[in-house]
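Q: model the structure of this input:
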Amino acid sequence: MKTGGQLIVDSLKANGVERLFCVPGESYLAVLDALVDSGVGVTVCRQEGGAAMMADAWGRLTGKPGICFVTRGPGATNATAGLHIARQDSIPMILFIGQVQRDAREREAFQEVEYRRAFTEFAKWVAEIDDPARIPEFVNRAFSVAQSGRPGPVVLALPEDVLREMVENPPASILPNPVPASHPGEAEMRDLAVRISRAERPVMILGGTRWTDQAVHQVERFAERAQIPVGCSFRRQMLFDHLHPSYAGDVGIGINPSLAAEIKNSDLVMLIGGRFSEMPSSGYTLLDIPCPQQPLVHVHADSSELGRVYRPTLAINADPASFAAALAELDVDGSMPRAERTARMHEDYLSWSTPPETGPGDVQMGPIIDWLRDHLPEDAILTNGAGNYATWVHRYVRFRKFATQGAPASGSMGYGVPAAVAAKQAFPERTVVAFAGDGCFMMHGQEFATAVQHKLPIIVVVVNNSMYGTIRMHQERDYPGRVSATELTNPDFAALARAYGGHGETVLTTAEFAAAFERAEASGMPAIIEVKLDQQAITPTRTLDQISGTGVKT
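A: Numbering: from 1, shown residues only. Here you go, the predicted structure:
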């Protein structure tokens, strides 16, 4: 005989779960008890939103569903911050929520929520298990749904009494469901080969999930052979080596104008893996809706995404890894004009991604990014949340390896620190650096305590300009000089790191950063490096005064 809680853990282990993230609750004590002797790692978090973001980051970097457990009511609603990120970013994740006991349902019992109604917009599938004997069936299905087609989060509600109830004849073994691959058809690939051969100004844009390291290398080799410039979708820059001669830059908000022009004037646009939603499409400006001006090839693992927003000339229902394998077999070569265009676009990218060396105040982020590019290993993992500070990572960091970027395309603040915790646990041998603004850090900065508790030497770079910078920038643009609700009074972040039991540094000048970072690395502890940035340094190229019209652009 086994309890429902034990069957939950057995089902997780059968599906290869190595670690889960949680904030404990009395609603799922039976699961916590079953975990004691399970061998599954448990990361105890400080807030459910941070726990869900860790599960998202695990799924984002490993391709395997991140697992999160939270308690009912306020615990569950806190977790929706991470759930929304996973949904918009197509990240495999399973959120288990403790629920009130069955005999109290529909009475608005203590912390009761009907998750099948409330969470439908946040997840691919929401279910409640009311029979402990069916737990393996539900959990296996959750893993299948989370990983297949367009990946995404699944929510399973667990009534407290279901977890305590005994199952007299539990299955002797639990076999996980296979995740189906979707392969491109031979006729489709022949059609694609003809289109690529005839194109004079092709461009390929990579995005989405279900990629592998092998798939990335296959696309890189094909792009070089066929002389096709490649861009990476917003916050998916790790899908192509930025120093590869075919790399043309990131495609999204703040896009290089020359790259945007090339996409608009292309005679063959290939979207591989992604949906090309609002952020990657620069606010739906790069392709017309519903019928793009450019011939469009759209490759996606979920057939329902093909034609949903853009009418493709050629639609290929395939996951990125299967498509990349088929692409590697295409007999397509480039031409001299295409080679020259690709080389020019790569040079444009290198120029665009070279940061400015000067700026307002005593700290310039450009030289700091330059130093990090030279210092960090190629497989270092960089995470961040949302804010103007993230522009320095987004535009100027040159990603070289797959699974090195953890950032939310949904623009959620607070993501960087919890994502770094998960990244360091998934890849303990690799350097993990989180970037955060002062406003962004305070959203989920308490998860720094999680890093300390689990002895995870992440390095958090807090770019502090004492305001909600992105909102202030828009405020100065639309309502010049009328500052409202964007100023912040912050703690001493370096002292905060030390109070948590970590290492703290404060950087007041550009020259201080390198030594501060090296001391943080040498400490072997979780570390915070607070970088004091002048408020005028709101973007790499324009000051607040220039945005408001009171200054002159340099």
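Q: distance of residue 16 relative to residue 421?
A: Here the criterion is CB to CB, to the nearest Å. By it, residue 16 lies 21 Å from residue 421. Bear in mind the C-beta positions are built from the backbone N, C-alpha and C, glycine included.
Q: looking at the two, which has the bigger crowd around it?
A: residue 421 (33 against 10; other CB atoms under 10 Å).
Q: pretty sure that one contacts residue 455?
A: No. In this structure, residue 421 is not within contact of residue 455 by CB atoms under 8 Å, at 11.2 Å.
Q: so where's the stretch 451-554 of the chain shaky on pLDDT?
A: Low-confidence segments of the stretch 451-554 of the chain, defined by pLDDT under 70: 551-554.
Q: the helices in it, which residues?
A: 469-478, 493-500, 513-523, 544-548 (DSSP state H, counting those that start in this stretch).
Q: out of the ones you listed, which is closest to residue 41?
A: helix 493-500 (21.3 Å; CB to CB).
Q: and for that closest one, what's in contact with it?
A: Residues outside helix 493-500 that contact it (CB atoms under 8 Å, 6 or more residues apart in numbering) are 438, 441, 445, 448-449, 452, 460, 462, 464, 503-506, 526-530.
Q: distance from the chain centre to it, please.
A: Averaging C-alpha positions (CA atoms, centre = their mean, to the nearest Å) puts helix 493-500 27 Å from its chain's average.
Q: ok and it relative to helix 513-523, angle-wise?
A: Orientation of helix 493-500 against helix 513-523 (axes from the mean of the first three to the mean of the last three CA atoms, to 10 degrees) gives an angle of 10 degrees.
Q: quick one: low-confidence parts of the chain?
A: Ranges of the chain meeting pLDDT under 70: 551-554.
Q: name the residue most distant from the centre of it?
A: Most distant residue from the mean C-alpha position of the chain: residue 168, 41.9 Å away (CA atoms, centre = their mean).
Q: wait, it touches residue 1, no?
A: Yes. Using CB under 8 Å, residue 168 and residue 1 qualify as a contacting pair, with a distance of 5.6 Å.
Q: the helices in the stretch 301-450 of the chain, which residues?
A: 320-327, 336-352, 365-375, 390-396, 416-426, 438-444, 448-453.
Q: just the ones you listed: most buried one?
A: Greatest average neighbour count among these goes to helix 416-426 (a mean of 31), per mean count of other CB atoms under 10 Å.
Q: let's see it as PDB, backbone CA atoms only.
A: Extracted in PDB, the C-alpha atoms of helix 416-426 (Å, rounded to 0.1, in the frame of the first residue of the first chain):
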ATOM      1  CA  GLY A 416      17.200  37.000 -12.700                       C
ATOM      2  CA  VAL A 417      17.900  35.900  -9.200                       C
ATOM      3  CA  PRO A 418      15.600  32.800  -8.900                       C
ATOM      4  CA  ALA A 419      16.700  31.800 -12.500                       C
ATOM      5  CA  ALA A 420      20.300  31.900 -11.400                       C
ATOM      6  CA  VAL A 421      19.600  29.700  -8.400                       C
ATOM      7  CA  ALA A 422      18.000  27.100 -10.700                       C
ATOM      8  CA  ALA A 423      20.800  27.400 -13.300                       C
ATOM      9  CA  LYS A 424      23.500  26.800 -10.700                       C
ATOM     10  CA  GLN A 425      21.700  23.700  -9.500                       C
ATOM     11  CA  ALA A 426      21.200  22.400 -13.000                       C
END
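Q: enumerate every residue touching the closest residue to residue 62 other than its chain neighbours.
A: Leaving aside its chain neighbours, residue 62 sits nearest to residue 426 (5.6 Å; criterion: CB to CB, 6 or more residues apart in numbering). Taking CB under 8 Å, 6+ apart, we find residue 426 in contact with 19, 57, 58, 61, 62.
Q: quick check: angle from the helix or strand harbouring the second one to helix 416-426?
A: Okay, so that is residue 57. Taking DSSP states H and E as the definition, residue 57 sits inside helix 48-62. With the same axes, to 10 degrees applied, the angle from helix 48-62 to helix 416-426 works out at 50 degrees.
Q: and after helix 48-62, which helix or strand comes next?
A: Counting by DSSP H and E, what follows helix 48-62 is strand 66-70.
Q: surely residue 69 and residue 30 touch.
A: No. The pair residue 69 / residue 30 is not scored as a contact, 11.6 Å apart, by CB under 8 Å.
Q: now do the helix holding residue 57: distance to the chain's middle.
A: For helix 48-62, the distance to the chain centre is 9 Å (CA atoms, centre = their mean).
Q: likewise for stretch 427-434?
A: The answer for stretch 427-434 is 16 Å, by CA atoms, centre = their mean.
Q: relative to residue 189, how far out is residue 329?
A: With CB to CB as the criterion, residue 329 and residue 189 are 8 Å apart.
Q: surely residue 71 touches residue 22?
A: No. Look at residue 71 against residue 22 with CB under 8 Å: they stay out of range, at 9.1 Å.
Q: now residue 189: closest residue in space, sequence neighbours ignored.
A: Closest to residue 189 by CB to CB, 6+ apart is residue 326, at 5.3 Å.
Q: surely that neighbour is in contact with residue 318?
A: Yes. Residue 326 is within contact range of residue 318, at 7.4 Å (criterion: CB under 8 Å).
Q: common neighbours of these two, please.
A: 183, 184.
Q: just send the helices of the stretch 451-554 of the chain back as CSV, with mean neighbour count too.
A: Listed next are the helices of the stretch 451-554 of the chain as CSV, based on neighbours: other CB atoms under 10 Å:
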stretch, mean neighbour count
helix 469-478, 19
helix 493-500, 19
helix 513-523, 17
helix 544-548, 20
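Q: need those helices in TSV (columns: distance to residue 211).
A: Output for the helices of the stretch 451-554 of the chain, formatted as TSV (distance: least, CB to CB, whole Å):
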stretch	distance to residue 211
helix 469-478	29
helix 493-500	34
helix 513-523	30
helix 544-548	37
